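Asks: Okay, predicted coordinates and the sequence, questions at the end:
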Amino acid sequence: MDYPAPVVRKVFICNNGKCTATETANKLFETLLDMIHECGMDEYDAPTRIKCLISGCLDVCENGPVMVVHPGAVYYQNVDREALQRIFDQHLLNGEVVADLVHHHKNQAAKE
Ligand code: FES
């Protein structure tokens with residue numbers, strides 16, 4: 001029996017309201033859903049399925065909109081429409097992190 005491809009990438013967008021306005025986060029979520037749908041990546045048997053979900057606080061709480069992409073727990077900040085397109089094309093479709101948009105937690109930056 002053939003099973004569909006597993007979900008390979010999941011995106012969580014914070015709409016808690018502190019890092020950015022809830023309406024802004026919700027709009028970003030809707031835009032990303034449209035982008036995923038247009039590419040067929042929301043199909044159950046898509047070769048690279050992308051799942052997008054609204055989340056609560058991601059413990060960044062500034063420079064929003066904030067999202068995290070799994071696997072890898074890559075956090076992005078200041079995700080406007082242009083940044084979202086770059087993340088979609090480069091990371092979600094091709095697996096390459098968009099380095100200049102990555103949020104580094106304060107304890108991570110101290111170690112680097
Ligand atoms: S309120 Fe969005 S990351 Fe905390």
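Replies: Received, thanks. Numbering: from 1, shown residues only.

Asks: Tell me if the lengthiest helix in the chain is near the ligand.
Replies: With secondary structure taken from DSSP state H, the chain has its longest helix at helix 22-38. No. Contact of helix 22-38 with the ligand is not found when judged by Cβ under 6 Å from any ligand atom; the minimum separation is 7.7 Å. Quick note: C-beta positions are derived from backbone N, CA and C, even for glycine.

Asks: Helices of this protein, residue ranges please.
Replies: Going by DSSP H, the chain shows helices at 22-38, 81-86, 106-111.

Asks: avg pLDDT for the first one?
Replies: Model confidence over helix 22-38 averages 97 on the pLDDT scale.

Asks: Residues contacting that helix from elsewhere in the structure, which ones?
Replies: By Cβ atoms under 8 Å, 6 or more residues apart in numbering, the residues outside helix 22-38 that reach it are 11, 13-17, 42, 50, 52, 54, 64-65, 67, 79, 81, 84-85, 88, 92.

Asks: Show me how far it is from its chain's centre.
Replies: 10 Å (Cα atoms, centre = their mean, to the nearest Å).
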